[in-house]
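Asker: Next comes the sequence, and after it the predicted model I'd like to discuss.
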Amino acid sequence: MGYIQRQTSVVILRSELVGLASPSQLSRVLAKLVEAGKLVRIGHGVYAKTRFNKFLKRPAPAGTFESIAAEAFRKLGIDVEPRNLATNYNVGLSTQVPMLAVVPTGRRRISRKIQVGGRSVFYERKRSGT
């Protein structure tokens, strides 16, 4: 856990840890860290650090859903941009708060599931005709 604690980012990719141990050892260590509440699995090979939440009285992800998802996409090399609803809200053109985390992916097809707690990221593709 020392190596992971020293990382400044909240999101840890399994691929970042490959050189530290064999694949089976890495799987065991990550499973133990998840079980101990030090990490939470948010996707295939994607983990987030946790911190103790005094209100829930248990470990919780060490960041907001949006910040963790954005960092995960950045580390995975997936370009994301705010959706029209989020952009309109952020610049004050709308008072409706976007409730779903929808990520526009252009024409690119992404099927990776990112889930933090009970919230998941949904993807919005441009149609080939538009």
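Answerer: All right, it came through fine.
Asker: Residues in a beta bridge with residue 49, which ones?
Answerer: residue 39 (DSSP bridges).
Asker: Numbering from 36 from now on, please.
Answerer: Sure, I'll start counting at 36 from here, so that last one is residue 84.
Asker: shouldn't it be in contact with residue 74?
Answerer: Yes: with contact defined as Cβ atoms under 8 Å, residue 84 reaches residue 74; the gap is 6.3 Å. C-beta: built from backbone N, CA, C; applies to glycine.
Asker: Determine the residues that are contacts of both of the two.
Answerer: Here residue 84 and residue 74 share the contacting residues 39, 47, scored by Cβ atoms under 8 Å, 6 or more residues apart in numbering.
Asker: Could you name the specific helix or strand carrying the most centrally placed residue in the chain?
Answerer: Centroid check for the chain by Cα atoms, centre = their mean gives residue 104 as the closest residue, at 3.2 Å. If you go by DSSP states H and E, residue 104 is part of helix 100-111.
Asker: how about that helix: buried residues?
Answerer: Across helix 100-111, burial judged by 16 or more other Cβ atoms under 10 Å covers 100, 103, 104, 105, 106, 107, 108, 111.
Asker: Let me have these in TSV, adding distance to residue 41 and pLDDT as columns.
Answerer: Listed next are the buried residues of helix 100-111 as TSV, based on distance: Cβ to Cβ, whole Å; pLDDT from 0 to 100:
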residue	distance to residue 41	pLDDT
100	25	81
103	19	86
104	23	84
105	22	81
106	17	87
107	19	87
108	23	83
111	21	83
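Asker: What segments of this protein are helices?
Answerer: Assigned by DSSP state H, the chain shows helices spanning 37-41, 58-70, 100-111, 119-125.
Asker: Can you convert those into JSON lines and add a column each for distance to residue 157?
Answerer: Below are the helices of the chain laid out as JSON lines (distance: least, Cβ to Cβ, whole Å):
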{"stretch": "helix 37-41", "distance to residue 157": "29"}
{"stretch": "helix 58-70", "distance to residue 157": "24"}
{"stretch": "helix 100-111", "distance to residue 157": "11"}
{"stretch": "helix 119-125", "distance to residue 157": "12"}
